[in-house]
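S.K.: Provided below for reference: sequence and predicted model.
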Amino acid sequence: MIRIQNIKLPITYTETQLIRACEKKLRRHGLPKVRILRRSLDARKKDRIVYQISAGVSGFSPEEERKILASVNDKNITLTNPAEYHFPYSEKKGSEERRPVIVGTGPAGYFAGYVLAASGFRPILLERGKAVEERTKDVNTFWEGGVLNTESNVSFGEGGAGTFSDGKLYTGNKDKVGSQRFVLETFHRFGAPEEITYDAKPHIGTDVLAKIMQNMRQAILDAGGEILFSHKVTDIRKQEGTYDITVMTGETSGGQEMHFLTPALILAIGHSARDTFSMLNDYGVSMEKKPFAVGLRIEHPRELIDRDRYGESADLLPAADYKLVAHTSEGRAVFSFCMCPGGYVVNASTEEGGTVVNGMSYSGRSGRNSNSALVVNILPEDIPGEHPLDAVTFQRNLEQSFYRAGDGQVPVQRFGDYKEDCPSDSCGSVQPCIKGKYHFTNLRGCLPEALSRAIIEAMSSFDREIPGFAMDDAILSGIESRTSSPVRILRDDTLQAPEHPGLFPCGEGAGYAGGIMSAAVDGIHVAEKAAEYLLGFDA
């Protein structure tokens with residue numbers, strides 16, 4: 001394939017314009033096949049915003065490709081052979097004794113399950129929450145003022161926390177073996193738009209993600225896998241090389257106890273499975289504290305962000321994003337996280353008596369506000385105690401403080417009032433876009449004062465980058481405490497937990513991913529190691 005880089009086209013370009021640009025670069029007419037390999041928006045000059053595109057031209061013989069490159073002599077035109085990912089193992093016998101068990105059906109668990117099922121390993125997936133159809137009903141009931149279902153909510157259930165998010169699919173990691181492209185193409189095959197396979201900042205949206213999860217579930221089942229919802233793992237033990245997994249079925253304590261046996265157990269538990277962290281700690285699985293951050297969500301009118309990023313072209317382009325970082329005089333890092341253009345703040349609570357917020361967008365990103373988390377790095381001295389799970393206690397205490405401030409609802413405050421440490425009783429020019437009931441209050445005392453000072457100082461820096469960002473009427477809500485897992489479950493070069501052969505910590509909950517894409521890729525790589533282990537296991 002011939003790769004042509006640095007093609008600049010107007011934001012209203014057509015397919016014909018792209019083909020003509022490629023023909024001009026190659027000095028050829030009638031190209032066999034042209035497709036976009038990567039596309040990004042260059043908005044540095046607001047009066048001339050363009051798409052910057054890398055295109056692939058295929059259909060020529062290798063000899064003809066070399067002739068074309070020699071004739072154009074352009075450093076932006078090269079030959080390329082993109083890495084294509086293939087799962088390296090297969091289980092032809094379908095051994096009942098060697099069926100792997102995967103705990104969790106978020107991106108890590110589902111991609112591990114998908115590649116294992118497609119390769120004949122017939123995995124069993126255990127999910128404490130519900131299938132996405134029923135889970136969505138539980139979430140909507142809670143947002144409308146109903147009771148929180150602690151096993152079926154924004155974090156627990158099919159698709160994991162990513163199902164009720166913006167659905168971002170980008171990562172800073174290099175795609176050396178093609179596994180990232182495999183993830184994108186898999187999402188596209190199961191219902192995502194083709195644009196995600198080449199956009200520099202692809203996103204899906206929660207409405208489309210829910211459908212993709214259903215299609216992915218069916219593919220795993222069709223390939224011989226098994227998916228059991230409302231099956232919560234409560235204990236694990238090992239005897240003679242086999243893990244005995246205790247599971248409680250149903251939504252309440254009145255469920256039935258079941259046991260599953262496997263030599264290979266993949267733990268794709270997600271960052272909010274605190275009870276599972278405790279159970280693993282009691283079992284002797286090694287873990288450590290890891291860096292994380294906490295803070296508040298902030299909402300602005302989408303138009304303010306769009307106009308700043310795009311100028312007069314804002315009406316012609318998708319809702320704009322931003323990425324902000326500031327370092328304060330007290331040595332804190334404050335940064336935007338999980339920015340949701342045209343999105344919503346959502347009540348993402350998982351425990352009674354605690355409030356957590358997150359950001360979510362639909363595929364169209366057409367909400368009237370844009371929001372992001374403004375989070376502050378947590379230093380070791382912020383967390384009392386030396387035990388890894390003390391970080392969980394730190395998170396939980398903050399969430400309970402915000403729950404009390406909001407009287408059980410999402411607590412919100414105008415930024416101007418937050419600066420002055422006085423409660424808000426209503427909104428100004430910015431109306432909150434929140435999924436779930438909300439309550440005006442004073443958030444200032446809910447965070448440690450050092451974190452509040454950091455956010456307020458950082459806002460001045462952010463306002464210089466986006467004029468109006470520090471507007472008094474911007475809406476704050478909290479707490480954003482689940483930016484990542486506060487602990488890392490240790491694993492060795494074989495991706496197994498030390499001293500626990502056959503136990504594979506995986507994904508964001510185990511501390512090895514930070515979003516849908518990295519979690520999915522980690523699930524694939526863990527599945528490889530689990531398959532290798534299973535094939536060498538003497539049942």
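M.R.: Okay, I see it.
S.K.: how close does the residue in the chain sticking out farthest from the centre get to Gln180?
M.R.: Relative to the centre of the chain, and counting by CA atoms, centre = their mean, the farthest-placed residue is Ser71 at 44.5 Å. The gap separating Ser71 from Gln180 is 33 Å, by CB to CB, to the nearest Å. (C-beta placed from N, C-alpha, C; glycine too.)
S.K.: swap in Ser329?
M.R.: Ser329 sits 38 Å away from Gln180, going by CB to CB.
S.K.: between the two, who's got more neighbours?
M.R.: Gln180 (22 against 8; other CB atoms under 10 Å).
S.K.: Okay, and that one sits in which element?
M.R.: Assessed by DSSP states H and E, Gln180 sits inside helix 179-189.
S.K.: buried stuff in that helix?
M.R.: Burial within helix 179-189, assessed by neighbour count using 16 or more other CB atoms under 10 Å, is assigned to Ser179, Gln180, Arg181, Phe182, Val183, Leu184, Glu185, Thr186, Phe187, His188.
S.K.: could those be laid out in CSV, adding pLDDT and distance to Tyr170?
M.R.: Putting the buried residues of helix 179-189 into CSV (pLDDT from 0 to 100; distance: CB to CB, whole Å) gives the following:
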residue, pLDDT, distance to Tyr170
Ser179, 95, 14
Gln180, 95, 9
Arg181, 95, 12
Phe182, 97, 15
Val183, 97, 11
Leu184, 96, 10
Glu185, 97, 15
Thr186, 97, 16
Phe187, 97, 12
His188, 97, 15
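S.K.: now, among those, which is nearest to Arg491?
M.R.: Ser179 (17.9 Å; CB to CB).
S.K.: Buried residues in the longest helix anywhere in the chain, which are they?
M.R.: Longest helix in the chain by number of residues (criterion: DSSP state H): helix 516-535. When burial is assessed from 16+ other CB under 10 Å, helix 516-535 yields the following buried residues: 516-531, 533-534.
S.K.: Kindly report the same for stretch 492-500.
M.R.: The neighbour-count criterion (16+ other CB under 10 Å) identifies Leu495, Gln496, Ala497, His500 as the buried residues of stretch 492-500.
S.K.: What distance do you get for the third one to Ala519?
M.R.: This points to Ala497. According to CB to CB, Ala497 and Ala519 sit 18 Å apart.
S.K.: Strands of the stretch 301-450 of the chain, start to end?
M.R.: 325-327, 333-340, 344-347, 357-360, 369-377, 410-414, 434-435, 438-440 (DSSP state E, counting those that start in this stretch).
S.K.: Out of those strands, which gets nearest to Thr150?
M.R.: Using CB to CB, the nearest of the strands of the stretch 301-450 of the chain to Thr150 is strand 344-347, at 13.3 Å.
S.K.: Counting by contacts, list what that closest one packs against.
M.R.: In terms of contacts (3 or more CB pairs under 8 Å, 6 or more residues apart in numbering; DSSP states H and E), strand 344-347 is packed against helix 132-143, strand 357-360, strand 369-377, strand 434-435.
S.K.: quick revisit: the helix holding Gln180 packs against which elements?
M.R.: For helix 179-189, where contacts count as 3+ CB pairs under 8 Å, 6+ apart, the packed elements are helix 107-118, helix 516-535.
S.K.: Quick one: those helices as JSON lines, columns for mean pLDDT too.
M.R.: Converted to JSON lines, the helices and strands packed on helix 179-189 look like this (pLDDT from 0 to 100):
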{"stretch": "helix 107-118", "mean pLDDT": "98"}
{"stretch": "helix 516-535", "mean pLDDT": "96"}
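S.K.: need these in JSON lines with distance to Leu447, can you?
M.R.: Converted to JSON lines, these look like this (distance: least, CB to CB, whole Å):
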{"stretch": "helix 107-118", "distance to Leu447": "30"}
{"stretch": "helix 516-535", "distance to Leu447": "28"}
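S.K.: circling back to that earlier point, looks to me like the residue farthest from the centre of the chain is in a strand.
M.R.: No - the assignment for Ser71 is helix, going by DSSP: H, G, I helix; E, B strand; the rest coil, so no strand is present there.
S.K.: contacting residues for it?
M.R.: Ser71 is in contact with Arg27, counting by CB atoms under 8 Å, 6 or more residues apart in numbering.
S.K.: That one and Leu31, how far apart?
M.R.: Summarising the geometry, the distance separating Ser71 from Leu31, computed by CB to CB, is 14 Å.
S.K.: May I see the buried residues of helix 179-189 arranged in a markdown table, with distance to Arg39 as well?
M.R.: Formatted as a markdown table, the entries for the buried residues of helix 179-189 read as follows, by distance: CB to CB, whole Å:
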| residue | distance to Arg39 |
| --- | --- |
| Ser179 | 21 |
| Gln180 | 16 |
| Arg181 | 14 |
| Phe182 | 19 |
| Val183 | 18 |
| Leu184 | 13 |
| Glu185 | 16 |
| Thr186 | 20 |
| Phe187 | 17 |
| His188 | 15 |
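S.K.: What ranges does this structure have for its helices?
M.R.: Remark: helices of the chain, listed N- to C-terminal, are 15-26, 62-72, 107-118, 132-143, 179-189, 206-222, 274-283, 302-310, 390-405, 415-420, 449-465, 516-535; assignment by DSSP H.
S.K.: between those helices, which one is nearest to Phe229?
M.R.: Closest to Phe229 of the helices of the chain is helix 132-143 (CB to CB; 7.9 Å).
S.K.: chain center to the closest one, what's the gap?
M.R.: With CA atoms, centre = their mean, to the nearest Å as the basis, helix 132-143 stands 19 Å off its chain's centre.
S.K.: Can you pull out the residues in contact with that helix?
M.R.: Residues outside helix 132-143 that contact it (CB under 8 Å, 6+ apart): 129-130, 147-149, 152-154, 156-159, 163-164, 210, 213-214, 229, 346-347, 349, 435-437.
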